[in-house]
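Colleague: Return a 3D structure for these sequence lines:
(one chain, ligands or ions: 1)
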Amino acid sequence: MCGIVAYTGMREAYPIIIKGLERLEYRGYDSAGIALQNGDLHVYKKKGKVADLKESLKNVNLEGNVGIGHTRWATHGEPNDRNAHPHYSANQNLVIIHNGIIENYSAIKQDLESKGYAFTSDTDSEVLVTFIEDIQKNTQTPLEEAVRLALQRVVGAYAIVVMSRDTPHMLVAARKGSPLVIGVGKNKDEYFLASDATPIVEYTNEVIYLDDLEIAIIKNNQLVIQHLDSTIKTPYIQTLTLALEAIEKGGFEHFMLKEIYEQPKSVADALRGRISSLEGRLHLGGMLEYINRLVTADRIMILGCGTSWHAGLVGEYLFEELARVPVEVEYASEFRYRNPIIRENDVVICISQSGETADTLAAIELAKQKGAVIFGICNVVGSSIARATHAGAYIHAGPEIGVASTKAFTGQLAILTMTALLVAYRKGTINESDYRRILAELETIPQKIEQCLKLNAETEKIASVFKNAHNFLYLGRGYNFPVALEGALKLKEISYIHAEGYPAAEMKHGPIALIDEEMPVVFIATKDSSYEKIISNIQEVKARKGRVIAIVTEGDTEIKKMADFTIEIPHTIEPLSPMLAVIPLQLLSYHIAIMRGCDVDRPRNLAKSVTVE
Ligand code: G6P
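Modeller: Numbers count the residues shown, from 1 in each chain. So this is what the prediction gives:
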């Protein structure tokens, strides 16, 4: 949700910043802008994507060793040139880039207006930078002090970087609730700041994750980190393990397709070193310290948003079936606002690909206040959620850049399966042979996903038949009900076709009214305990002339006779079937979106990482 990049050092800042913005574009692409110190302070900004900004700067002198850049996902004010970042303060002496929301901006704005300040944009960010200017003026303090004083009065979330015309070799950055990473140059004489490590990895692997309420002051290429209460902090430098290839398209036309195809590897990476069916071994190092809390839990609450919430729903089936513990799955955004009841023996599991989703983070804080032990399932190493939880496991899927989540989902399912199995084994709710059988089947999943990917051409053909549909229905039962929700979400997100996911049995309580010869219905109809029931549901759709696309188990003959199209996926046991069934649904939505001319990696109005409420 907005990407920020900044550089100070001896290199040219512009190429680093613009490339960084391209890498961060998944976070927002309503407008983009940069500010450079080159003799004077200059701001260049434009509505649209980073490419539009780049094009508009073709004939501009962009020299300078210090600069900041921003790619925006609009929260306050419509996406246009005026609302694009960076924002000048009123006297144009300061500029700011900001990711987050200043909740009390309108009170601050009124106060500033009463002092005669005028604003050129509708953003909370312009209010913040003008507020800093006003404090600086009134207190005659240096920039870093004015930033500190302003932030003490701000309510909300922010990652900011501020520059001043008066101190051209200086950057002041701060965070609360929105991420900010500082890359430290090899000789500690240049610094790269960004919303995540992707703009940095090419230049250095030494990074500092700024903590909430910390301010980083980089003056003449010397870094000092302070707490908002002005105590000096010792920077903790970590080594990045991110590889440059992981954030490039590697021959694929889109990140989304690359990430779909990475799943045999990303799921294998999630399992690597953690399971061995031969030895009956299941090891989740990051969970060990608190695993007994999960084993003795009276109830598990799983929280997440979007695709991560769908993974949580599969988790509910897994934990209840294998570990016999009641589970509640909730949108983090609902949980945090409803004064939830958390009892002593309850455990919370939070799922988040980015580890930065504001609602999930706030839900964690709330659950913590109520005394819960919290496990995290995240992809981004060192992310806010990973750091805020007591224990957890990374999914190790590598950077997911396509806005529609794909490989994170299967990685999350792999971790949930292992965790449920581990708890079940320790609790004794599963016998040794079933335990080993599930472990052995889990080991085959990467290779079975590989087989699912061979369905690409077939899926593309089906996509060409349905690309102009106005609506889609996705139906599944049991473990595959969340897969139906996820399939529908993928299609909505990237092709803008209205789609709904339902438990197949619920169809007759409403959605069946929508079915006619125009309505494609995707059934996840693998050979499992609800197979016979789902066949009846397919017949109900066929009887009303609906068009059926069925995801079936290899060798199925019965559904083939009634469905218009079938896609055969390899056989697996029921708890693992979502990891396979989702693959053709990801491919189907990808191809439909491409055929409709949609920008699959940057769908309209969406952002990958939602760091605002
Ligand atoms: C956004 C993304 C979704 C994602 C959701 C939760 O809406 O577009 O793809 O599932 O956020 O993100 P998280 O990083 O917490 O999993």
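Colleague: From now on I want contacts and neighbour counts done on CA atoms only, so please keep to that.
Modeller: OK.
Colleague: So residue 252 sits against residue 260, correct?
Modeller: No. Using C-alpha atoms under 8 Å, residue 252 is not in contact with residue 260, being 10.5 Å away.
Colleague: between the two, who's got more neighbours?
Modeller: residue 260 (23 against 12; other C-alpha atoms under 10 Å).
Colleague: can you pull the contacts of that one?
Modeller: 406, 407, 583, 586, 587 (C-alpha atoms under 8 Å, 6 or more residues apart in numbering).
Colleague: Surely the last one touches residue 459?
Modeller: This points to residue 587. Yes. Using C-alpha under 8 Å, residue 587 is in contact with residue 459, at 6.6 Å.
Colleague: same for the helix or strand hosting residue 267, what does it pack against?
Modeller: Residue 267 is part of helix 263-271, with elements assigned from DSSP states H and E. With contacts defined as 3 or more C-alpha pairs under 8 Å, 6 or more residues apart in numbering; DSSP states H and E, the packing partners of helix 263-271 are helix 407-427, helix 432-453.
Colleague: Downstream of that helix, the next helix or strand is which one?
Modeller: Next along from helix 263-271, by DSSP H and E: strand 275-276.
Colleague: Which strands and helices lie in contact with that next one?
Modeller: Looks like strand 275-276 contacts strand 281-282, helix 432-453 (3+ C-alpha pairs under 8 Å, 6+ apart).
Colleague: buried set for the last one?
Modeller: Across helix 432-453, burial judged by 16 or more other C-alpha atoms under 10 Å covers 435-440, 442-443, 445-453.
Colleague: Kindly calculate the angle that that helix makes with helix 407-427.
Modeller: 170 degrees (axes from the mean of the first three to the mean of the last three C-alpha atoms, to 10 degrees).
Colleague: CA atoms only: put stretch 128-139 into PDB for me.
Modeller: The C-alpha trace of stretch 128-139 is given here as PDB (Å, rounded to 0.1, in the frame of the first residue of the first chain):
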ATOM      1  CA  LEU A 128       2.100  16.100   7.900                       C
ATOM      2  CA  VAL A 129       4.900  17.800   6.100                       C
ATOM      3  CA  THR A 130       3.400  21.200   6.600                       C
ATOM      4  CA  PHE A 131       3.000  20.400  10.300                       C
ATOM      5  CA  ILE A 132       6.700  19.600  10.400                       C
ATOM      6  CA  GLU A 133       7.500  22.900   8.700                       C
ATOM      7  CA  ASP A 134       5.300  24.800  11.200                       C
ATOM      8  CA  ILE A 135       7.000  23.100  14.200                       C
ATOM      9  CA  GLN A 136      10.400  23.800  12.700                       C
ATOM     10  CA  LYS A 137       9.500  27.500  12.300                       C
ATOM     11  CA  ASN A 138       8.100  27.800  15.800                       C
ATOM     12  CA  THR A 139      10.800  26.000  17.700                       C
END
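Colleague: which residues touch that stretch?
Modeller: Looking at what lies outside stretch 128-139 - C-alpha under 8 Å, 6+ apart - the contacts are 87-90, 93-96, 102, 105, 108, 112, 141-143, 146-147, 149-150, 162.
Colleague: Kindly report the residues of the stretch 401-550 of the chain close to the ligand.
Modeller: Within the stretch 401-550 of the chain, the positions near the ligand by C-alpha under 6 Å from any ligand atom are 403, 404, 405.
Colleague: Please produce JSON lines containing those, extended by pLDDT, neighbour count and secondary structure.
Modeller: Below are those laid out as JSON lines (pLDDT from 0 to 100; neighbours: other C-alpha atoms under 10 Å; DSSP: H, G, I helix; E, B strand; the rest coil):
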{"residue": "403", "pLDDT": "90", "neighbour count": "22", "secondary structure": "coil"}
{"residue": "404", "pLDDT": "94", "neighbour count": "29", "secondary structure": "coil"}
{"residue": "405", "pLDDT": "96", "neighbour count": "23", "secondary structure": "coil"}
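Colleague: for whatever residue of the stretch 451-600 of the chain ends up closest to the ligand, what are its contacts?
Modeller: The stretch 451-600 of the chain approaches the ligand most closely through residue 493 (8.0 Å), counting by C-alpha to the nearest ligand atom. Counting by C-alpha under 8 Å, 6+ apart, residue 493 touches 404, 603, 606.
Colleague: what's the spacing between the first one and residue 256?
Modeller: So the one you mean is residue 404. 7 Å (C-alpha to C-alpha, to the nearest Å).
Colleague: Might you report the residue contacts of the closest residue to residue 460 other than its chain neighbours?
Modeller: Nearest residue to residue 460, sequence neighbours excluded (C-alpha to C-alpha, 6 or more residues apart in numbering): residue 591, at 5.7 Å. For residue 591, the contact set (C-alpha under 8 Å, 6+ apart) comprises 459, 460, 463, 464.
Colleague: quick one: which helix or strand includes residue 591?
Modeller: Here residue 591 is assigned to helix 577-595, by DSSP H and E.
Colleague: what separates residue 357 from residue 584, distance-wise?
Modeller: 27 Å.
Colleague: Outside of the one helix or strand residue 302 maps to itself, list whatever touches it.
Modeller: Taking DSSP H and E as the definition, residue 302 sits inside strand 299-304. Under the criterion C-alpha under 8 Å, 6+ apart, residues 294, 309, 312, 315-316, 325-332, 335, 345-352, 360, 363 lie in contact with strand 299-304.
Colleague: could you say what helices and strands the helix or strand following that strand packs with?
Modeller: Moving toward the C-terminus from strand 299-304, the next helix or strand (DSSP H and E) is helix 306-323. Secondary-structure packing of helix 306-323 (3+ C-alpha pairs under 8 Å, 6+ apart): strand 299-304, strand 327-331, strand 346-352, helix 407-427, helix 481-495.
Colleague: just to revisit the earlier point, where among the helices and strands packed on strand 275-276 is the average confidence lowest?
Modeller: Across the helices and strands packed on strand 275-276, strand 281-282 has the smallest mean pLDDT, namely a mean of 93.
Colleague: Give me the phi and psi angles of the spatially closest residue to residue 71 that is not a sequence neighbour.
Modeller: Once flanking residues are discounted, residue 71 sits nearest to residue 32: 4.3 Å by C-alpha to C-alpha, 6+ apart. In terms of degrees, to the nearest 10, the main-chain angles of residue 32 are phi -150, psi 160.
Colleague: Next: residue 508.
Modeller: The phi/psi pair for residue 508 (degrees, to the nearest 10) is phi -70, psi -10.
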